[in-house]
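Dropping the sequence and predicted coords here.
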Amino acid sequence: MVYIMNDNQIGMPTQRYLDAILEGYEAGGLDPSALEKALDISIQQMEQTENRLDY
């Protein structure tokens, strides 16, 4: 599963969307740590992008 925004930039999905994905992980017996790791990576990439734009 991927989250694709229309403007091709990394961004955060809404909490409601994240909760729905987490619910699907739990219902499917999937390990939510994979989702948490993907979220952490996205946050890191967003921060790196913001830092580059600050210069």
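Cool, got the structure.

When you work out contacts or count neighbours from here on, use the C-alpha atoms and nothing else.
Will do.

Same question for Pro13, what's its three-state structure.
coil (DSSP: H, G, I helix; E, B strand; the rest coil).

Could you report the neighbour count for it?
13 (other CA atoms under 10 Å).

backbone phi and psi for it, please?
Backbone torsions of Pro13, given as degrees, to the nearest 10, read phi -70, psi 160.

Give me the pLDDT for it.
According to the prediction, Pro13 has pLDDT 81.

in the one helix or strand Ala20 maps to, what's buried?
Secondary structure from DSSP states H and E places Ala20 in helix 15-27. Residues of helix 15-27 classed as buried by neighbour count (16 or more other CA atoms under 10 Å): Leu18, Leu22, Tyr25.

Per-residue pLDDT of the last one, please?
pLDDT for Tyr25: 91.

From Glu47, how far out is it?
Note on Tyr25: its distance to Glu47, by CA to CA, to the nearest Å, is 26 Å.

Endpoints of stretch 16-35, how far apart?
The first and last residues of stretch 16-35 sit 15 Å apart, counting by CA to CA.

just the angle between the next helix or strand along the chain from the helix holding Ala20 and helix 15-27, please?
Next along the chain after helix 15-27, taking DSSP H and E as the criterion, comes helix 32-53. Interaxial angle, helix 32-53 versus helix 15-27 (axes from the mean of the first three to the mean of the last three CA atoms, to 10 degrees): 150 degrees.
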